[in-house]
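**Q** the following comprises the amino acid sequence and a computationally predicted model.
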Amino acid sequence: MAKSALITGIAGQDGGHLAALLHSKGYKVYGVIRGQMETSHPRYQKLKNEMPYVEFVMADLLDLAVLVRTMQLVKPDEVYNLAAISHVGYSFKDPILTADVTGKGVLNVLEAIRLSGLEKTTRFYQASTSEMFGGLDYNRPDVGYNEDSPFHPRSPYGVAKLFGHWITRNYRESYGMFAACGILFNHEGERRGPEFVTRKISKAVARIKLGKQEYIELGNVDSKRDWGYAGDYVEGMWRILQHNKPDDFVLATGETHSIREFCELAFANIGIDIKWHGKGEKEVGVDTKTGTTLIKINPEFYRPAEVDVLTGDPSKAEKVLGWKRKVNFPNLVKLMVDHDLAEESGSLYTDITDEGPLRHIVFFSMKTSASDEEMDEAIGRLKKIGKKTNGARLWNVSKSMDFRKGRIFIQNTVFDSVDSFEKYRNSKDHADFAQYMSKIADWSTGDYLE
Ligand code: NAP
Ligand code: GDD
């Protein structure tokens, strides 16, 4: 029988990636969303449209009774607890709610599993974080934090997550539950909320390129983060729950980069070279060619306490789980800027088929010169291939994009492995598709695979 998984926080960045991954592995996926969402609610419809294979359940991490009811109803084989107040800056503004949701909410989910008598059968994943390390006691500067490094959280969010981390370990030790924590370093991508710095930058860069925005305002541009791609990290979450015993694992890239570097690379993707002038709040990032100020500092985005530098050591996960990130830093930045250029140009994501299980996502864009007939023909053809390739879900980045060459790329995240991607790439269906598309568009595949 197919395994079932319940994802809390399914509407967030990781929830979407994880749902697609589990679905591609044949799971029955349930997702917790909150609010009074009738099925006619636009937000519900958007989620349903994005993840037609998910059965949504209304629940809130603050409400133990409804969580118990949910567990009794779903009886999931695996629970991925991703729901949280997850914005570090916001957690200073609403520390009590953060403690309730991000901290005590974890206990509510664990208790709901236990009170439903599922503690021996249901595996539990807790979304722990590198924010628990805090960046101060940087005891392993060369290799980064690992599972044995000391914790020193620097925000209400980090403190709440530490409670979630320890209560998960406590339930493992007290009740023999398969309760495991992934200590994840920052992971980003096209699904990242715009309140987080990477997406704020990639969106602003796209908007500046399209003439929709003049400059971006940021806080501390000197902090450094270990940034990976979210699609790679959900694969690690899944592997953590498939391991032969419950354990905790760091997922990270092992590299760290400053916000400054992220900005420079993001602007380089649209052909702008940034130079920095001035100091502190007066510092600006300037386009070297035109002299235009594109980055300003606004102290509004400073935090009462900062985590200056985070680097993770993923060697345990690499050795024990065989997990490794695939998308590197330059490709991550490029992927996000490309996505936001498409999104901000108003032409992204017309879903052209919703049939069948999600196997892979194909993005494609047409040459700006493609005619309506060419477009229709391509769409018809893609639909057919979608059916043939076990219901591939196809996304159309439409021809109105005028800022880059036509390109097809296949996002690696929803493939089980690079091998399965390669298999598809070499398959007859793909060859057919490629031959056709090469007539009407310049294209390349797997742009973001290393
Ligand atoms: P995210 O985009 O902020 O998603 C969090 C989700 O939690 C949102 O969909 C939100 O629902 C939901 N939520 C908030 N309060 C809730 C409540 N009271 N009851 C039920 N759901 C609630 O976060 P993410 O980036 O996907 O991260 C997933 C998890 O990993 C989070 O726990 C985060 O703290 C942790 N984490 C993330 C990273 C990272 O770099 N992304 C790194 C380490 C750990 P609404 O959509 O309704 O607001
Ligand atoms: N959000 C934001 N907005 N951050 C800014 C800005 C800005 O305008 N300007 C500078 N920063 C700096 C922050 O001060 C921080 O040092 C860094 O950019 C990263 O901020 P975020 O992108 O908000 O992420 P985070 O590292 O604080 O937290 C994220 O990663 C954690 C894992 O380490 C979140 O996803 C957490 O939920 C996650 O646990």
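**A** That came through, no problem. Computed from a predicted model, the values in this text were never measured in an experiment. Ligands and ions are numbered 1, 2, ... in the order given.
**Q** hey, let's count contacts and neighbours off CA atoms from now on
**A** Fine.
**Q** extract the C-alpha set from stretch 37-47 and format it as PDB.
**A** These are the backbone C-alpha positions of stretch 37-47, laid out as PDB (Å, rounded to 0.1, in the frame of the first residue of the first chain):
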ATOM      1  CA  MET A  37     -10.800  28.100   4.100                       C
ATOM      2  CA  GLU A  38     -13.900  27.000   2.200                       C
ATOM      3  CA  THR A  39     -13.000  25.200  -1.000                       C
ATOM      4  CA  SER A  40     -14.100  28.300  -2.900                       C
ATOM      5  CA  HIS A  41     -11.500  30.500  -1.100                       C
ATOM      6  CA  PRO A  42      -9.000  31.900  -3.600                       C
ATOM      7  CA  ARG A  43      -6.100  30.900  -1.500                       C
ATOM      8  CA  TYR A  44      -7.400  27.300  -1.200                       C
ATOM      9  CA  GLN A  45      -8.000  27.200  -4.900                       C
ATOM     10  CA  LYS A  46      -4.400  28.500  -5.600                       C
ATOM     11  CA  LEU A  47      -3.000  25.800  -3.400                       C
END
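**Q** centre of the chain to that stretch, how far?
**A** Between the centre of stretch 37-47 and the centre of its chain there are 22 Å (C-alpha atoms, centre = their mean, to the nearest Å).
**Q** that one and ligand 1, any residue contact?
**A** No - using C-alpha under 6 Å from any ligand atom, stretch 37-47 never reaches ligand 1; the gap is at least 9.5 Å.
**Q** going forward, begin numbering at 41 instead of 1
**A** With 41 as the first residue, the last one maps to stretch 77-87.
**Q** show me the contact partners of that stretch.
**A** Stretch 77-87 is touched from outside by 51, 98, with contacts defined as C-alpha atoms under 8 Å, 6 or more residues apart in numbering.
**Q** buried residues, it. List them.
**A** Within stretch 77-87, the residues scored as buried using 16 or more other C-alpha atoms under 10 Å are 84, 87.
**Q** what about that stretch, average pLDDT?
**A** Averaging pLDDT along stretch 77-87 gives 82.
**Q** what are the buried residues along stretch 283-302?
**A** Result for stretch 283-302 [16+ other C-alpha under 10 Å]: buried residues 286-300, 302.
**Q** so what's the closest residue to ligand 1 within the stretch 241-390 of the chain up against?
**A** The stretch 241-390 of the chain approaches ligand 1 most closely through A270 (7.1 Å), counting by C-alpha to the nearest ligand atom. Contacts for A270 (C-alpha under 8 Å, 6+ apart) come out as 53-54, 57, 227-229.
**Q** is it possible to get JSON lines of those residues that adds distance to V94 and pLDDT?
**A** Putting these into JSON lines (distance: C-alpha to C-alpha, whole Å; pLDDT from 0 to 100) gives the following:
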{"residue": "Q53", "distance to V94": "15", "pLDDT": "96"}
{"residue": "D54", "distance to V94": "15", "pLDDT": "97"}
{"residue": "H57", "distance to V94": "12", "pLDDT": "92"}
{"residue": "H227", "distance to V94": "23", "pLDDT": "98"}
{"residue": "E228", "distance to V94": "23", "pLDDT": "97"}
{"residue": "G229", "distance to V94": "21", "pLDDT": "92"}
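**Q** filter these down to the ones in helices?
**A** Mapping the contacts of A270 onto helices (DSSP state H) picks out 53-54, 57.
**Q** returning to what we had before: with adjacent residues omitted, what lies nearest to the residue of the stretch 241-390 of the chain closest to ligand 1?
**A** H227 (4.8 Å; C-alpha to C-alpha, 6 or more residues apart in numbering).
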